[in-house]
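Enquirer: dropping a prediction and its sequence here:
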Amino acid sequence: MKKGENIWQRIETAIVVVPYKSLDQLKKYREAIRDSGLNVNDCELMAIVEDKKEREILCHQSIAVFISEKDLNVLGKLKNDKAQKVLSRKYDAFFFVEDPPKRLEKLFGKTTKKLSVGLNCKEKRQNVNLETQEKSPGHLINFARQTLEKII
């Protein structure tokens with residue numbers, strides 16, 4: 001995290017975890033990240049899919065890293081190389097859009113991060129929890145940016 005006037009300006013690396021709905025939705029998140037002023041090359045987009053089969057079909061898409069609860073073995077060890085590589089990095093900010101499944105949330109908790117932000121999460125486990133009625137990717141990322149810009 002670099003030094004800046006507010007929290008948003010200090011974010012250089014970030015990961016945004018979203019529930020997967022469509023590839024179009026993921027493209028909109030990518031655009032929203034770029035439009036927010038963050039460097040898309042230093043930000044990861046991780047989409048949570050329902051099952052391992054769906055992840056295997058989508059894994060060839062370069063727009064996001066896909067992860068499923070089924071990627072965890074009985075002991076909670078991740079069996080998804082792409083997701084493991086992404087989660088082993090250090091991040092300035094970790095954004096959650098809605099609550100992730102409990103087993104994945106435990107895995108995400110092990111990732112090194114300086115700030116955790118929940119967007120429309122029912123469980124208040126993040127450093128900053130934000131709620132808004134609008135669900136569009138552009139609005140959610142912009143809402144997080146505007147709020148974090150106000151925090152010094």
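Expert: That came through fine. Numbering: from 1, shown residues only.

Enquirer: what does the worst-scoring helix or strand of the chain on mean pLDDT contact?
Expert: Least confident element among the helices and strands of the chain, by mean pLDDT, DSSP states H and E: helix 52-58 (a mean of 85). Applying CB atoms under 8 Å, 6 or more residues apart in numbering, the contact partners of helix 52-58 are 20, 23, 47, 49, 66-68, 70-71, 80. For glycine as for every other residue, the C-beta is placed from the backbone atoms N, C-alpha and C.

Enquirer: out of the residues you listed, which one sits closest to V97?
Expert: Distance to V97 across the contacts of helix 52-58 (CB to CB) is lowest for A47, with 10.0 Å.

Enquirer: SS state for that closest one?
Expert: strand (DSSP: H, G, I helix; E, B strand; the rest coil).

Enquirer: gap between it and P19?
Expert: According to CB to CB, to the nearest Å, A47 and P19 sit 7 Å apart.

Enquirer: and for I63?
Expert: 15 Å.

Enquirer: cool, L115 as well?
Expert: Computed as CB to CB, the L115 to P19 distance reads 21 Å.

Enquirer: let me know whether K122 touches D99 as I believe.
Expert: Yes - contact criterion CB atoms under 8 Å: K122 and D99 qualify, at 5.6 Å.

Enquirer: give me the beta-bridge partners of F95?
Expert: Beta-bridge partners recorded for F95 (DSSP bridges): V16, V117.

Enquirer: neighbour count: A47 and P19, which is higher?
Expert: A47 (25 against 15; other CB atoms under 10 Å).

Enquirer: assess the claim that the more buried one and V18 are in contact.
Expert: Yes - contact criterion CB under 8 Å: A47 and V18 qualify, at 5.6 Å.

Enquirer: now the common contact residues for those two.
Expert: Counting by CB under 8 Å, 6+ apart, the residues touching both A47 and V18 are L26.

Enquirer: about what we covered before: ok, and what's touching whichever helix or strand comes after the least confident helix or strand of the chain?
Expert: Counting by DSSP states H and E, the next helix or strand C-terminal to helix 52-58 is strand 65-68. When contacts are defined by CB under 8 Å, 6+ apart, strand 65-68 is touched by residues 20, 44-52, 54-55, 58-59, 80, 82-83, 86, 104.

Enquirer: would you show me how to pick out the buried ones of those in ChimeraX?
Expert: In ChimeraX, a selection of the buried entries from those looks like this (16 or more other CB atoms under 10 Å):
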select :20,44,45,46,47,48,49,52,55,58,59,80,83,86,104
